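> Requesting a structural model of the entry that follows:
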Amino acid sequence: MIRARLPIRPSRMGIHTPLRPIHSSPLLSFRQSSTKSSSTNTLSSSLSTRNPRISFNFFLPHHRPASISTSSLISRNHSRAFSIPSKSFNARYPYTSLLIRLGVSSVVGLIVLTSVILFHDAFTYSERHVDRVPCNPLSLKPRLGGKKNLPILEVNLDDEEDDTKKAMKDKPRLVVIGGGWGAVALLQSLPAHAYNVTLISPSTYFAFTPLLPSACVGTVEVRSLVEPLRKIIARVRGHYLMGSAEDLDMTERLVEVEVPKEGGTGTMRCYVPYDKLVIAIGSTTNNHGVKGLEHCFQLKTVPDAQMIRRKIMGNLELAALPTTTPEERKKLLSFVVCGGGPTGVEFAAELADMMAEDVLKYFPKLLSNEVKVTVVQSRDHILNTYSEKISQYAEKRFARNDVDVVINARVQEVQPDKVILSIKNPKDKDAKPEIKEIDAGFVLWSTGIAMQPFTRRLVELLPNQYHSKAVEVDSYLRVQGAPQGTVYALGDAATVHANLIGELYELWDKFDANKDGTLDYEEWQSMVKHIRKTYPLASKAFAKMKDVFEEYDKDKDDKLTLNEVATMFLETSKKVTSYPATAQVASQQGKYLGGMFSKLAKQHDTLEKNGIKDFSDEAYYHPFEYFHLGSLAYIGNSAVFDYEGFSLAGGLLAMYAWRSIYWSEQTSMRTRMLLMLDWVKRGIFGRDLSKF
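A predicted model of the protein is given here:
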């Protein structure tokens, strides 16, 4: 017996009830098929009435259409798509629809951004617990030693924290003294795990010094110019030690460091061992023997900028009091800048801008008539290291901004309320200098550089060190007189010395090929090529080899004698000047040492197996060569740029170029963002005139 499955009969209430099954037989096949067909037609007509688009035959497997037109599906989806605003509204008001969409997109974007920030904070601000950190006992109680029997910091507190730190204990010890441009450039160019690095500095941050004049008047905030040294040194898994270097024991390779005591009430001294030592402590301001500099401010550090800002705002607030006499007010509003270099000029420009733009707006108008900014320069022009075109432009710009420039003047004495000057007459050199007094409520001293105490102590320890402002180094930045390959110096603390006279006999024996006691032109060419490679600082003096040869060939026999070469070297040494004391030089020197130490680290294992401790730098690296990238200076809503005879002065374009270059030279993206926000805030809301 075969049971036939009959189709489902749709009911009026929407409930599908199957027909009662019957026994099939050949006689009933025709009746069954006719019944099925009629039932199907009934259901199809019912569904087509409810949904005229799809017939009931679509659901039957034996009668299903192959496909539906793609264009018809797309048109149906478009007709049902959700649109804000509606399509009819978009057609009538296209511009209003665009604004509505922008508004909705902004709201959605803010919601998404806020959600991302909240999601990030949910995982960032979480509690972390660190238990049972391993620590070497020597780090808690260092052993005593050295000439002065001081604690020797051989082990750091974090040397046992993880496997990476443990592996770096046996790496060569690289000690860097200072946290300025040279030190930071060195740390940023070192390999991550090549050296056991220790950074020693009394300041816990690196400061972007070229923008310190802007921080003095509230154009930018101090926090936007500093980067913690611990973040910088973390890249090489190094150690930071807050202290100042005081002495050096080159025999046992120990640096004597003064560190704060418990509670910060005093100091104590300890030793830090090293395999290689880099001195990058910069310089201090040169006093030139002038009396009364205790009444002046300097601008080399972040605390200097903060003190200057408090002094300027304090003078303005005192001058705005009705109880202040006209004489006192005039004195309070007289600002004197001693030094016409980039630092002094930029500070005077920032101060003049603040007085003209912000003080005039928020302080009594009487103050603007009494404000006086004076720049004192000992040379014929301000910015004398720049081209003459730029110096003249800067002076004209200052004249328009009511900034007085006193040239050919030297400061004789600084008193609490005035500056005494000695002004020369450039047209009459025999005339007696004129003495002039300038009332001053604020004096900035920015004239030249001098050695730091540790640099001076190093010069005393070493022979053949005669420079008065820095320690002398060779073309590989090695301190002359120190054990070779152990002590290096860079930046303002060092001056590259081309000691051609000291190498005269060695060069003569090497390049006098025929040993006839003279140098012909071919031998002279070989010597000059060697000098250019070994002493890049003196390469310009021998740029025209033929002209130099003919100039010192006194007897015109096409040969140079030993005395003629000695005279040439003496006169050349007088002409050759060291690199300028700028951040650009220090940064390039730091990158140079980073590259040198990186290459040496690759051969460390091989050298150690062969028992070679101090490898000669000449054998694997090239001398340092400085590439001047131009000089910049801000001169009041404008800037100047000087590069090898090409000068760009003035205009909004130059100022934005100045800002762009300084912005790109920041050490991290964090300081870039903060600096950009400060410039935007200053443009919209003005400078911050608060005193704190």
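> just the strands in the stretch 51-200 of the chain please.
Remark: strands assigned in the stretch 51-200 of the chain by DSSP state E, counting those that start in this stretch are 144-145, 150-151, 173-177, 196-201.
> Contacts for the second one next, please.
Contacts made with strand 150-151 from outside it, assessed by Cβ atoms under 8 Å, 6 or more residues apart in numbering, are listed as 142-144, 256, 269-271. For glycine as for every other residue, the C-beta is placed from the backbone atoms N, C-alpha and C.
> Kindly recompute the last result at 10 Å.
With Cβ atoms under 10 Å, 6 or more residues apart in numbering as the test, strand 150-151 has contacts from 141-145, 254, 256-257, 259, 268-272.
> Within its sheet, name the partner strands of it and how each one runs.
According to DSSP bridges, strand 150-151 forms sheet pairs with strand 144-145 (antiparallel).
> now do the longest one
Listed by DSSP bridges, the sheet partners of strand 196-201 and their directions read strand 173-177 (parallel), strand 239-242 (parallel).
> Can you give the distance of the longest one from its chain's centre?
Yep, that's strand 173-177 we're talking about. 21 Å (Cα atoms, centre = their mean, to the nearest Å).
> Buried ones in the longest helix seen in the chain, by neighbour count?
What stands out as the longest helix in the chain, according to DSSP state H, is helix 94-124. For helix 94-124, the neighbour count (16 or more other Cβ atoms under 10 Å) marks residue 97 as buried.
> do stretch 513-529 as well
Neighbour-count burial for stretch 513-529, with 16+ other Cβ under 10 Å as criterion, is recorded at 518-520, 523-524, 527-528.
> Please apply the same query to stretch 267-282.
Buried residues in stretch 267-282, counted by 16+ other Cβ under 10 Å: 270-282.
> May I have the distance across that stretch, first residue to last?
Separation of the first and last residues of stretch 267-282 by Cα to Cα, to the nearest Å is 23 Å.
> From the chain's centroid, how far away is that stretch?
24 Å.
> What ranges does the stretch 351-500 of the chain have for its strands?
372-376, 403-406, 409-415, 418-423, 434-439, 442-445, 449-450, 471-473, 487-489, 494-496.
> sorry, back to before: mind listing which of the buried residues of stretch 513-529 are in helices?
Among the buried residues of stretch 513-529, the members found in helices (DSSP H) are 523-524, 527-528.
> Mind putting the buried residues of stretch 267-282 into CSV with distance to residue 403, secondary structure and pLDDT?
Shown next, in CSV, are those (distance: Cβ to Cβ, whole Å; DSSP: H, G, I helix; E, B strand; the rest coil; pLDDT from 0 to 100):
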residue, distance to residue 403, secondary structure, pLDDT
270, 49, strand, 95
271, 51, strand, 96
272, 47, strand, 96
273, 52, strand, 95
274, 48, coil, 95
275, 51, coil, 93
276, 47, strand, 94
277, 44, strand, 96
278, 40, strand, 97
279, 38, strand, 97
280, 35, coil, 96
281, 33, coil, 95
282, 28, coil, 93
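> Which of the helices and strands in this structure ranks last by mean pLDDT?
Lowest mean confidence among the helices and strands of the chain (mean pLDDT, DSSP states H and E): helix 29-50, at a mean of 44.
> okay, and for the protein, where does confidence drop off?
By pLDDT under 70, the weakly predicted segments of the chain are 1-82, 125-131, 264.
> thinking again about what came up before, could you dump the buried residues of stretch 513-529 to JSON lines with distance to residue 242?
Listed next are the buried residues of stretch 513-529 as JSON lines, based on distance: Cβ to Cβ, whole Å:
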{"residue": "518", "distance to residue 242": "60"}
{"residue": "519", "distance to residue 242": "55"}
{"residue": "520", "distance to residue 242": "60"}
{"residue": "523", "distance to residue 242": "56"}
{"residue": "524", "distance to residue 242": "54"}
{"residue": "527", "distance to residue 242": "49"}
{"residue": "528", "distance to residue 242": "49"}
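> quick one on the thing from earlier: pull the most distant pair out of the contacts of strand 150-151.
Using Cβ to Cβ, these reach their maximum pairwise distance at 141 and 256, which is 19.3 Å.
> of these two, who's got more company?
The neighbour count for residue 141 versus residue 256, taken as other Cβ atoms under 10 Å, is higher for residue 256 (20 against 9).
> isn't residue 218 right next to residue 316, touching?
No: using Cβ atoms under 10 Å, residue 218 makes no contact with residue 316, being 11.7 Å away.
> shared neighbours of the two, which are they?
354, 689.
> mind listing what residue 96 touches?
Residue 96 neighbours (Cβ under 10 Å, 6+ apart): 85, 89-90.
> okay, now residue 305: neighbour count?
Using other Cβ under 10 Å: residue 305 sits among 25 other residues.
> Spit out the contact partners of it.
Counting by Cβ under 10 Å, 6+ apart, residue 305 makes contact with 207, 209, 211-217, 220, 222, 225, 297, 299, 347.
> Just give me the closest of the residues you listed to residue 596.
The nearest one, if we look at the contacts of residue 305 relative to residue 596 and count by Cβ to Cβ, is residue 209, at 25.2 Å.
> where's the closest residue to residue 583 other than its chain neighbours relative to residue 575, distance?
Using Cβ to Cβ, 6 or more residues apart in numbering and skipping the chain neighbours, the partner closest in space to residue 583 is residue 181 (4.5 Å). Residue 181 sits 27 Å away from residue 575, going by Cβ to Cβ, to the nearest Å.
> Who has more neighbours out of these two?
With neighbours defined as other Cβ under 10 Å, residue 181 and residue 575 compare such that residue 181 has more, 29 against 9.
> I'd guessed that one sits against residue 590; true?
Yes: with contact defined as Cβ under 10 Å, residue 181 reaches residue 590; the gap is 6.8 Å.
> Common neighbours of those two, please.
Common neighbours of residue 181 and residue 590 (Cβ under 10 Å, 6+ apart) are 280, 490-491.
> okay, those in a markdown table with distance to residue 456 next?
Converted to a markdown table, these look like this (distance: Cβ to Cβ, whole Å):
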| residue | distance to residue 456 |
| --- | --- |
| 280 | 16 |
| 490 | 17 |
| 491 | 16 |
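> Can you tell me which of these is closest to residue 625?
Among the shared contacts of residue 181 and residue 590, residue 490 lies closest to residue 625 (Cβ to Cβ), at 13.8 Å.
> what sits against the closest one?
Residue 490 neighbours (Cβ under 10 Å, 6+ apart): 178, 180-183, 185-186, 278-282, 473, 477, 496, 585-590, 592-593, 624.
> From those, which land in helices?
Among those, DSSP H puts 181-183, 185-186, 585-590, 592-593 in helices.
> how about these in TSV, adding distance to residue 536?
Converted to TSV, the ones in helices among the contacts of residue 490 look like this (distance: Cβ to Cβ, whole Å):
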residue	distance to residue 536
181	20
182	18
183	23
185	19
186	20
585	13
586	17
587	17
588	12
589	12
590	17
592	11
593	15
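> Most neighbours among the residues you listed, please name it.
Neighbour counts for these (other Cβ under 10 Å) peak at residue 182, which has 33 neighbours.
> So residue 626 is in contact with residue 592, correct?
Yes: between residue 626 and residue 592 there is a contact under Cβ under 10 Å: 9.1 Å.
> since we're on residue 627, how many residues are nearby?
Residues lying near residue 627 (other Cβ under 10 Å) number 6.
> separation between the residue lying closest to it once chain neighbours are set aside and residue 189?
Closest residue to residue 627 apart from its sequence neighbours, by Cβ to Cβ, 6+ apart: residue 588 at 6.9 Å. Look at residue 588 and residue 189: by Cβ to Cβ, they are 11 Å apart.
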